[in-house]
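Chemist: Fold the stuff below for me.
(2 chains)
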Amino acid sequence: MSKKSFANKCFTLYLPLGLILTFLIFPFYWTFVTSIKPEHELYGATVTYWPKDLTFASYQKLFGEFNFLLPMFNSLLVATITTVVTLTVSTSAAYAFTRFDFKGKRIFMSLFLTNNMFPNVLLLIPLFAIMRSVNLLYTPLSLVVAYATFTIPFSVWMLTGYLKDLPNSLEEAAMIDGANRVKAFFNVVLPVLMPSIIATGVYIFIQSWNEYTFAVLFTNEATRTIPVTLNNLIGQLGVQWDLLTAGGIITIIPVCVLFFFAQKQLIEGLTAGSVKG
Amino acid sequence: MKKKKFNIWPYILISPALLIVAFVVFYPIIEAIFMSFQNYDLRRPDKISFIGLKNYIEMFQDEIFWTAVKNTLIWVILGVGLQFIFGFILALLLNQQFKGRGIVRAVSLIPWATPGVLIGLMWKWIYDGNYGVLNDLLMKLNIIDQPIMFLSQTSTAFSSVIVTIIWQGIPFFAIMILAGLQSISHEMYEAADIDGATKLQKLFRITIPSLKNVIFITIILRIIWVSNSVDIIYSMTGGGPSYSTQTLSVYIFNKATVLDLGYSSGMALLLMFMLATVAIPYIRKSFKEGA
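Modeler: Numbers count the residues shown, from 1 in each chain, chains lettered A, B, ... in the order given. This is a model prediction of the structure:
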């Protein structure tokens, strides 16, 4: 590459990048600033871009009066169980798809693949009726089951991609040394696959943590998850923006931490299938 | 790999995932088909019975349904189209060398990991007609002299909501395209440099053709996700004012929350067929590459 003058780089890189980043990041800044403003500054005559009197009262209120810990616990419970169940069954299916040739393989794979196009709202309606009739409605388990509709197909797809990149010779060598397939899988394949499994797990966790449409219909007062609780802060007494934004900040912190942690692997997994070929 | 002997192991390994999916996806879809031929209204559970095609006939006479179809088309075309353009630009920028690129890339992805409801609420507050920061900024810049009620008037509500979905979708396009860009070999560009190609020529002759595959798959995935998305619109406007922001999935969701399950199932099935026409080429393509 030839040397670029600084002015040139300003126009082709820094300026457009700065504009797009401002657009992408500003809403988060604004949410945070709102959450640390006192009420009179929120609904005052002038809009302040940094609070004159900084306060964490909304956070105190959120955890005190509004018991935000309960929806956090519910979300954590649902997301954790969904992640563990999905990873277990998906890893096993993905292993079968990449290590065996068997009758009906293509049909089974397409069953998982087509799943991605079913609208949530389509599954939502009959699942609601089914959950009601088997008395699962309003339990965390109903959400785990509902989330499996999109987490399992997606994870099978991701993990199949990762496993395809692992050479077969890896476990074959172990099997020649006398280990059976199960042993070879746990001792050789699983350790190498772990970062990919974790990345897939992070994706599932974020998806379940963030989900709203199923959650609003499948939960009640006791089992409500974070997104439902956030949206419910509207309407009770108008909108309480300080509480709402504080809740929002609390919600995205774990998501961001997980995301930064697994970012690289996750991106590789998401893009692997489409970049090749 | 090819063994003639029947091997039970792969079937055992896929069965847990398959059974769950059969129970939570395929069985409900069959159920939905049945429900769409009934007046399945949980507000009147004792009156549920088969009514043939009545739900579907009602749909075609339902003006709100047609508004929702039109809105869905605008939502998807403008939403996905502009996500793609800005995502592409962001990917080209992030593909250049500069200090702190890794952190910038990670940060620019956060909107994608944010809950839809929260996205809706954050933007609802930005757009607020009385205390919203957007009105304040526009007034300070002298672009407007009166605050605009962005979300409560039909002339601005839909475009405001579309800006939000664009905001949410830029990162996903950017990472997919960025990965594509990084897989193009430098030799092609070097050869083009020797032949004296201009920047634009390189963009249209090398970059875009090499990215064809990524762009195709990403657009299809986004079309499916964007047309299915409910939470952003629902938390911003609920579909209003006077149905101006109501897409088909939001209409279905609104009908489902008032427990009119038969009618909403019918609409959801139609939505699925529309998406299937988009998704089938994608599935075909993934098969050519996979397995």
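Chemist: pLDDT averaged over stretch A:186-201 - what is it?
Modeler: For stretch A:186-201, the mean per-residue pLDDT is 88.
Chemist: ok, now stretch A:73-83?
Modeler: Across stretch A:73-83, pLDDT averages out at 96.
Chemist: outside of it, which residues touch it?
Modeler: Contact with stretch A:73-83 is made by A:140-141, A:143-144, A:147-148, A:151, A:201, A:204-205, A:208-209, A:219, A:223-226, as judged by Cβ atoms under 8 Å, 6 or more residues apart in numbering or on different chains. Where C-beta positions appear, they are placed from N, C-alpha and C, glycine not excepted.
Chemist: Counting neighbours, which of those residues end up buried?
Modeler: When those are checked for burial by 16 or more other Cβ atoms under 10 Å in any protein chain shown, the buried set is A:140, A:143-144, A:147-148, A:151, A:201, A:204-205, A:208-209, A:219, A:223-226.
Chemist: Please narrow those to those residing in helices.
Modeler: Using DSSP state H, the subset of those located in helices is A:140, A:143-144, A:147-148, A:151, A:201, A:204-205, A:208-209, A:226.
Chemist: ok, and of the buried ones among the contacts of stretch A:73-83, which contact chain B?
Modeler: Among these, the ones lying near chain B by Cβ under 8 Å from any Cβ of the partner chain are A:148, A:209, A:226.
Chemist: want to throw those residues into a markdown table with pLDDT and distance to B:Pro171?
Modeler: Listed next are these as a markdown table, based on pLDDT from 0 to 100; distance: Cβ to Cβ, whole Å:
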| residue | pLDDT | distance to B:Pro171 |
| --- | --- | --- |
| A:Ala148 | 90 | 26 |
| A:Trp209 | 93 | 17 |
| A:Ile226 | 93 | 21 |
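Chemist: between those, which is closest to B:Lys5?
Modeler: Nearest to B:Lys5 among those, counting by Cβ to Cβ, is A:Ala148 at 33.0 Å.
Chemist: need the contact list for the spatially most central residue of chain B.
Modeler: Central residue of chain B (Cα atoms, centre = their mean): B:Val226, 1.5 Å from the mean position. For B:Val226, the contact set (Cβ under 8 Å, 6+ apart) comprises B:75-76, B:79-80, B:83, B:165, B:169.
Chemist: and which of these is nearest to B:Leu109?
Modeler: B:Gly169 (11.7 Å).
Chemist: could you show me where the helices are in the stretch 1-150 of chain B, in order?
Modeler: Under the criterion DSSP state H, counting those that start in this stretch, helices of the stretch 1-150 of chain B are mapped to B:9-21, B:27-36, B:54-61, B:63-94, B:101-108, B:110-113, B:116-126, B:133-140.
Chemist: pLDDT below threshold where in chain A?
Modeler: A:1-4, A:235-237, A:272-277 (pLDDT under 70).
Chemist: Show me where it has its helices.
Modeler: A:6-9, A:15-35, A:39-42, A:57-63, A:69-99, A:105-114, A:120-133, A:140-165, A:169-176, A:181-184, A:190-210, A:213-218, A:226-232, A:241-275.
Chemist: Just name the most buried of those helices.
Modeler: Highest mean neighbour count of the helices of chain A: helix A:213-218, a mean of 25 (counted as mean count of other Cβ atoms under 10 Å in any protein chain shown).
Chemist: who does that helix touch, helix- and strand-wise?
Modeler: helix A:120-133, helix A:140-165, helix A:226-232, helix B:248-257 (3 or more Cβ pairs under 8 Å, 6 or more residues apart in numbering or on different chains; DSSP states H and E).
Chemist: Recalculate using a threshold of 7 Å.
Modeler: Of the remaining helices and strands, those touching helix A:213-218 by 3 or more Cβ pairs under 7 Å, 6 or more residues apart in numbering or on different chains; DSSP states H and E are helix A:120-133, helix A:140-165, helix A:226-232.
Chemist: which stretches of chain B have low pLDDT?
Modeler: B:1-4, B:283, B:285-291.
Chemist: possible to save the contacts of B:Val226 as a markdown table with distance to chain A and neighbour count?
Modeler: Formatted as a markdown table, the contacts of B:Val226 follow (distance: Cβ to the nearest Cβ, whole Å; neighbours: other Cβ atoms under 10 Å in any protein chain shown):
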| residue | distance to chain A | neighbour count |
| --- | --- | --- |
| B:Trp75 | 14 | 25 |
| B:Val76 | 13 | 20 |
| B:Gly79 | 15 | 24 |
| B:Val80 | 15 | 25 |
| B:Gln83 | 12 | 24 |
| B:Ile165 | 13 | 26 |
| B:Gly169 | 11 | 24 |
